[in-house]
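**Q** Need coordinates for the following:
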Amino acid sequence: MTGHRSHGHYEALLMKAVDGLLSADERGELEDHLTSCEACAAELSDFQDIKRTTDAMTERILCDAQIEPPRPAAPAVALLKLSFTLLLAGLLILMGFAVYTMAIDSQVPLLIKVAMALVGAGLIGLLGYALRIRARAVGRDPYEEIDR
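**A** Presented below is the predicted three-dimensional model:
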């Protein structure tokens, strides 16, 4: 049996216990101590609660990273922005030309004109929504520190 140990010694054993890092001797020493020290027993329970919470948070972050991986490097981001801009510009030009052509061509059936107008309105609505969400998120990313 060892002599009187400091609270810091037992606190270190508690942390090791929560992480599953105790040797057999340390486990026996801690179990003996916990039978006579209610404060350390309560502290062990608190440490275990904190560990469960942080483990759950870690699991959530890892799951989120599988759904949406951490941010790509700056050149990849620039390429993605350029590609999206070119795609959007091309789509707008094509849609604008299609709408203009159909509007002036009397041979195009009214049903096709209405359908194209609905498609155009839907695309504009989706684009507006996406841009609004993106604008609200700029500078307010809760995972910014984690993604680094």
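
**Q** Got the domain ranges for this protein?
**A** For the chain, the structural domains run 7-66, 71-147, going by automatic domain parsing.

**Q** since we're on residue 113, how many residues are nearby?
**A** Neighbours of residue 113 under the rule other CB atoms under 10 Å: 14. For every residue, glycine as well, the C-beta is placed using N, CA and C.

**Q** Could you measure from residue 45 over to residue 38?
**A** Distance, residue 45 to residue 38, by CB to CB, to the nearest Å: 11 Å.

**Q** still on that earlier bit, please identify the deepest-packed of the domains of the chain.
**A** Mean neighbour counts were compared across the domains of the chain using mean count of other CB atoms under 10 Å; the top stretch is domain 7-66, at a mean of 13.

**Q** avg pLDDT for that one?
**A** Domain 7-66 carries an average pLDDT of 89.

**Q** Off-centre distance for that domain?
**A** The chain centroid and the centroid of domain 7-66 are separated by 27 Å under CA atoms, centre = their mean, to the nearest Å.

**Q** Tell me the confidence at residue 102?
**A** 82.

**Q** May I ask which helix or strand encompasses it?
**A** Per DSSP states H and E: residue 102 is located in helix 74-104.

**Q** just the angle between the following helix or strand past that helix and helix 74-104, please?
**A** Sequence order places helix 110-137 as the next helix or strand after helix 74-104, per DSSP H and E. Helix 110-137 and helix 74-104 are oriented at 150 degrees to each other (axes from the mean of the first three to the mean of the last three CA atoms, to 10 degrees).

**Q** and helix 110-137, what's its mean pLDDT?
**A** This predicted structure assigns helix 110-137 an average pLDDT of 86.

**Q** Give me the packing partners of that helix, helices and strands only.
**A** If contacts are counted by 3 or more CB pairs under 8 Å, 6 or more residues apart in numbering; DSSP states H and E, helix 110-137 sits against helix 74-104.

**Q** Show me what the helix it packs on is packed up against.
**A** Counting by 3+ CB pairs under 8 Å, 6+ apart, the packing neighbours recorded for helix 74-104 are helix 110-137.
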